[in-house]
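**Q** just the structure for this:
(chains A and B)
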Amino acid sequence: MIVEDDPNFAAILRNTFDLSEEFEVLNVWNSIDAFSIAFLNATLKQDWLPDLIVADLLSGEHVHHDSLTALLELRAEGFKFAVLLMSGLNLGAAEKIARKQGAKNFEVLSKSSKLDSKTIIDQALKSVRELN
Amino acid sequence: MLILASAIIIPVASGFAPGASFGERVLFGVIEGFVLAVITGQSLIAMQRRRISRDNKFAARSRDAEAAARQDVAIYLHSAVQPKLLAISREIASLKTSETTAIAERLDAVSEEFIREVSHSLYPPELLVSLEFGLETLLAGRAELILDKRLSTSSPVGLLSSKFGQKYLKTELRLEVGTNLNWAIYSVVRELVANDEKKDDVKEIIVSVLVEEKSVIVKVSDDGHSLPKKLTKGLGHLNVEKITADFGGTFKIKNLPLGVEARCIFPYEPITSLTATKNRRVEIESKGNTPDV
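**A** Alright, predicted model coming up:
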């Protein structure tokens, strides 16, 4: 699943994962709120969740709704999935915060023009490694 | 009450006691004068209170409006301008010639150096994630951060717990700090840490942000040389003083046995992230969200 509010970047991510043959994209959400509401409506079942959630850090409808908080909260409640967090911001702090919670299967990737399909897929594979 | 008293006493003092002696009339006159003085004094005090309250409300509104405008522009730069520049840069880079690669790199540099810098100076986008994320980014490699557990991701929001029958005590739940106060805390920490870094003998800086009852207490301490007995506040300290005062807080600085501690206390009405999220949910759900693709 992809959570990305920038439609251009969402399309790039979808193409990248579809063409990779390593992943199948189940859905693309335009905000972490849209994802969360869909998950709540799906009665919060583990099998609704994918192996990997690729999320933009700041895709919330509100400034206080960020992907890092929402996804770490889900994992703290016992749900299993890997995270690939993306942003134009420096993500060092995100890694530090995730580490404090002992988070595994958590990778970050900075958005830039140099970002290519191989880097995205490699980082995604790194994140899902030893998921179960 | 005063009006009622004056309605009774003033007519009496003003000649509605025809049989009164001269002495009694003088006494009534004194009472009348006293009552009028009290009424006038009370009215003036009430007017002054109303004026101060009105001024405070205007100041708060003006501060909120300024913060909202600052934040809006920062969000626009970060969420609209930067992604557009990135998309253009990616398109150019996809042409894969040495010239296009160079142009894409220059565009990236503009985005990084200028857009990001302006966006940061208005409202650091890291704070849009959380105070913890903002402070961790600000202080990485510069200072140690001790953050109240209730302000960090180590505390649960508790949004899903009711669905699983899990219950948290209210005191365990994560607290939320409003965007304006977030900015104020971040700004004073930035100023105070930058100030400490100017001292050439400082080896360690510790920043702590703790919630105590109805206050957020921000402490920045270093292990450098002590303050001189006669301290002249520099621009950094004056800025910190202004920011804390704008938010109704206090700023103090003192020597420690080893080093210096600056302390800002901000008034804060604790609200859990759970309550804050529930308050916002109605607004978000009313907009309706569906998957894009």
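
**Q** name the element the closest residue to residue B:268 other than its chain neighbours belongs to?
**A** Of all residues not flanking residue B:268 in the chain, residue B:216 sits nearest, at 4.5 Å (Cβ to Cβ, 6 or more residues apart in numbering or on different chains). Placement of C-beta: from N, CA and C, glycine included. Per DSSP states H and E: residue B:216 is located in strand B:215-222.

**Q** who does that strand pair with, and is each partner parallel or antiparallel?
**A** strand B:205-212 (antiparallel), strand B:260-267 (antiparallel) (DSSP bridges).

**Q** pull the number of nearby residues for residue A:101.
**A** Residue A:101 is flanked by 15 other residues according to other Cβ atoms under 10 Å in any protein chain shown.

**Q** next: residue B:171.
**A** With other Cβ under 10 Å as criterion, residue B:171 counts 10.

**Q** distance of the closest residue to it other than its chain neighbours from chain A?
**A** Nearest residue to residue B:171, sequence neighbours excluded (Cβ to Cβ, 6+ apart): residue B:150, at 7.8 Å. From residue B:150 across to chain A, the span is 14 Å (Cβ to the nearest Cβ, to the nearest Å).

**Q** so where's chain B shaky on pLDDT?
**A** Within chain B, the ranges that satisfy pLDDT under 70 run B:1-18, B:160-166, B:282-293.

**Q** which residue lies nearest the spatial centre of it?
**A** Compute the mean C-alpha point of chain B, and by Cα atoms, centre = their mean the closest residue is residue B:181, 2.2 Å away.

**Q** does that one touch residue B:216 like I think?
**A** Yes: between residue B:181 and residue B:216 there is a contact under Cβ atoms under 8 Å: 7.0 Å.

**Q** tell me, what's touching the two both at once?
**A** Common neighbours of residue B:181 and residue B:216, using Cβ atoms under 8 Å, 6 or more residues apart in numbering or on different chains, are B:266, B:268.

**Q** look up phi and psi at residue A:50.
**A** Dihedral angles phi and psi of residue A:50 (degrees, to the nearest 10) take the values phi -90, psi 180.

**Q** where does the closest residue to it other than its chain neighbours land on pLDDT?
**A** Of all residues not flanking residue A:50 in the chain, residue A:1 sits nearest, at 4.7 Å (Cβ to Cβ, 6+ apart). Model confidence at residue A:1, given as pLDDT, is 93.

**Q** residue A:61 now?
**A** If you check residue A:61, the pLDDT there is 69.

**Q** from what I can see the residue nearest to residue A:50 touches residue A:23, true?
**A** No: assessed by Cβ under 8 Å, residue A:1 is found out of contact with residue A:23, at 10.2 Å.

**Q** run a quick neighbour tally on residue B:85.
**A** Residues near residue B:85, counting by other Cβ under 10 Å: 19.
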